[in-house]
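**Student:** Generate coordinates for the sequence data below:
(one chain, ligands or ions: 1)
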Amino acid sequence: MNRADAARLREELERRGYRATREPDEARLLILNTCVVRQNAEDKVIGRLNSLKPLKRDGQERALLVMGCFVGSAEEGQSGRGLASLHQEYPFVDAFFPPSDIAGVLEYVERWDRERGDGLRCGEPLTAPEVSEGVPISYGCDHHCTYCIVALRRGSQRSRPVADIVRDVQDLVARGAKEIVLLGQNVDAYGSDLPPDAAGRRPNLSAVLRAIHGIEGLWRIRFLTSHPRDMTQEIIDTVAALPKVCECWELPVQAGDDVVLRRMGRGYTVAHFRDLVQRIRQATPDCALNTDVIVGFPGETEEQFERTLALVRELRFDMVHVAAYSPRPGTPAARLEDDVPAAEKDRRRVLIEEVQTEIAAEINARLLGRQVEVLVDGQQGGRWRGRTRTNKLVFFAAPGDWLGRLAHVRITWAGPWSMRGEPAGGDPED
Ligand code: SF4
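**Tutor:** Coordinates of the predicted model:
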């Protein structure tokens with residue numbers, strides 16, 4: 001989400017004639033977009049902010065702006081630190097903006113530039129989009145997972161109108177993007193906050209998928225992240241029915257024990273999750289299913305952890321992002337005793353990672369000798385790099401320019417995290 005916000009902000013600034021630089025000391029405007037999902041991310045933000053501080057004192061007139069979860073949402077109330085205290089702590093920062101407040105940053109930049117009158121605009125052409133681009137469809141989240149700072153910092157859910165999303169996708173595709181990833185904290189709840197139409201119906205994720213599916217030049221569509229409580233049969237059926245929508249599901253389970261799930265405030269049971277997985281696999285049999293797991297949540301016993309491990313073994317996910325719980329001040333879980341020792345959290349994390357590595361290797365090994373369709377998004381180590389519809393990383397060597405093209409690749413080597421292959425043919429443009 002943050003990368004998509006940064007890309008949108010860059011694009012809007014470029015449209016207004018500004019040019020980006022990767023060298024902070026060359027920049028007159030420094031814009032730091034921030035994530036604080038975990039404590040170490042917040043520590044990095046603070047480190048980066050302090051490293052930019054000398055640039056405010058080097059004689060060059062600059063503005064330093066900070067956007068994102070570090071700042072928090074306007075409705076955060078007493079759970080956040082508040083703008084006044086941010087200004088007090090970081091007096092060298094010129095302005096703070098909540099997550100995704102692109103309009104606010106643009107307004108500030110235009111005013112700042114106008115007041116100085118020395119014109120920072122150079123009118124160079126827009127940077128081409130990436131092969132795969134993210135488009136936010138909603139901001140914020142209405143769930144209250146007890147460990148989550150994101151919902152507090154990003155505020156309650158605000159869905160974008162379908163027409164705005166379609167316009168963004170059309171624009172990115174017209175400028176060269178081939179794949180669009182629809183983004184939201186909880187895309188399955190998209191539209192629940194929008195006004196109903198005359199028939200009393202609200203747009204939902206399926207409506208967005210259908211609305212962008214017909215856009216010419218768009219080859220692939222993905223979406224993330226889903227919430228097991230809000231995923232409907234309609235969404236599953238829509239993914240199965242629309243050929244451009246990739247059969248790759250991001251469905252965070254977080255724990256394999258009902259008591260832990262309840263204490264996390266997730267709002268579903270393991271049985272519900274299992275049933276959902278079964279229906280997803282029934283509708284999209286060749287799909288990939290990725291999940292997130294948190295280990296060492298306050299009070300998590302050895303038996304409860306073992307249930308999570310058993311669920312990982314049973315459901316055979318393609319990928320498991322596993323995190324050791326760390327308390328985030330201001331969340332309800334931070335009031336619970338963080339009673340699983342750090343070494344034990346680490347042991348649990350490593351155990352899940354080991355089991356998952358084996359499963360991922362077995363799943364990928366099934367592709368050996370088979371041909372897969374790869375959307376090429378770059379080069380790495382002298383090879384072309386791309387992803388299958390199921391989002392698996394594939395490398396291959398081939399002459400010519402494959403960037404942004406669809407390659408048919410026969411898999412010759414498969415590891416748990418990536419595969420290698422040789423080109424077996426074409427591209428729709430050939
Ligand atoms: S669904 Fe839960 S974990 Fe995800 S953003 Fe919302 S509150 Fe946070």
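**Student:** Please parse this structure into its domains.
**Tutor:** 2-116, 128-246, 251-365, 371-425 (automatic domain parsing).
**Student:** neighbours around Lys178, how many?
**Tutor:** Number of residues near Lys178 (other Cβ atoms under 10 Å) recorded here: 21. In this view, the C-beta of every residue, glycine as well, is placed from N, C-alpha and C.
**Student:** wait, Arg262
**Tutor:** Here the count is done by other Cβ under 10 Å, and Arg262 has 14 residues near it.
**Student:** is it fair to say it lies in a strand?
**Tutor:** No: counting by DSSP: H, G, I helix; E, B strand; the rest coil, one finds Arg262 to be helix, located in no strand.
**Student:** how near is it to the ligand?
**Tutor:** From Arg262 over to the ligand the distance is 14 Å, taken as Cβ to the nearest ligand atom, to the nearest Å.
**Student:** Name the residue of the stretch 201-350 of the chain that lies nearest to the ligand.
**Tutor:** Minimum separation of the stretch 201-350 of the chain from the ligand (Cβ to the nearest ligand atom) falls at His227, amounting to 5.2 Å.
**Student:** mind checking pLDDT for that residue?
**Tutor:** We have a pLDDT of 98 for His227.
**Student:** Doesn't it belong to a helix?
**Tutor:** No: according to three-state DSSP, His227 belongs to no helix; its state is coil.
**Student:** Can you tell me the closest non-neighbouring residue to it?
**Tutor:** In space, and not counting its chain neighbours, His227 is closest to Asn186: 4.5 Å by Cβ to Cβ, 6 or more residues apart in numbering.
**Student:** Tell me which residues touch the one you found, please.
**Tutor:** Ser138, Cys141, Asp142, His143, Gln157, Thr225, Ser226, His227, Asp230 (Cβ atoms under 8 Å, 6 or more residues apart in numbering).
**Student:** Ala174 and the ligand: what is the separation?
**Tutor:** From Ala174 to the ligand the distance is 32 Å (Cβ to the nearest ligand atom).
**Student:** contacting residues for that residue?
**Tutor:** Taking Cβ under 8 Å, 6+ apart as the test, what Ala174 contacts is Gly217.
**Student:** Repeat that for Cys148.
**Tutor:** Neighbouring residues of Cys148 by Cβ under 8 Å, 6+ apart: Cys141, Arg328, Thr331.
**Student:** What about the second one, how many residues nearby?
**Tutor:** Meaning Arg328. Number of residues near Arg328 (other Cβ under 10 Å) recorded here: 19.
**Student:** and of the contacts of Cys148, the nearest to Ala177?
**Tutor:** Cys141 (25.9 Å; Cβ to Cβ).
**Student:** Please give the number of neighbouring residues around that closest one.
**Tutor:** Neighbourhood size, Cys141 [other Cβ under 10 Å]: 21.
**Student:** ok, now Arg57?
**Tutor:** 9.
**Student:** For the residue nearest to it when sequence neighbours are not counted, give me its contacts.
**Tutor:** Counting by Cβ to Cβ, 6+ apart, Arg57 lies nearest to Phe92, which is 7.9 Å off, once chain neighbours are set aside. Contact partners of Phe92, counting by Cβ under 8 Å, 6+ apart, are Lys53, Lys56, Arg57, Leu64.
**Student:** How about Ala283?
**Tutor:** Here Ala283 is in contact with Ile236, Asp237, Val239, Ala240 (criterion: Cβ under 8 Å, 6+ apart).
**Student:** go with 10 Å
**Tutor:** For Ala283, the contact set (Cβ atoms under 10 Å, 6 or more residues apart in numbering) comprises Gln233, Ile235, Ile236, Asp237, Thr238, Val239, Ala240, Ala241, Glu247.
**Student:** Show me which of those are buried.
**Tutor:** Buried members of the contacts of Ala283, scored by 16 or more other Cβ atoms under 10 Å, are Ile235, Ile236, Thr238, Val239, Ala240, Glu247.
**Student:** near the ligand too, which of the residues you listed?
**Tutor:** The subset of these within reach of the ligand, by Cβ under 6 Å from any ligand atom, is empty.
**Student:** mind listing what's buried in stretch 87-103?
**Tutor:** Tyr90, Val93, Asp94, Ala95, Phe96, Phe97, Pro98, Pro99, Ser100, Asp101, Ile102.
**Student:** Over to stretch 338-352?
**Tutor:** Buried-residue list, stretch 338-352, by 16+ other Cβ under 10 Å: Asp338, Val340, Glu344, Lys345, Arg348, Arg349, Leu351, Ile352.
**Student:** Tell me which helix or strand the second one sits in.
**Tutor:** Taking DSSP states H and E as the criterion, no element holds Val340; it sits outside all helices and strands.
**Student:** how close does it get to Asn40?
**Tutor:** 18 Å (Cβ to Cβ, to the nearest Å).
**Student:** and what of the third one?
**Tutor:** Remark: distance between Glu344 and Asn40 (Cβ to Cβ) = 19 Å.
**Student:** likewise the fourth one?
**Tutor:** Lys345 sits 14 Å away from Asn40, taking Cβ to Cβ as the criterion.
**Student:** which neighbours do the two share?
**Tutor:** Ser326.
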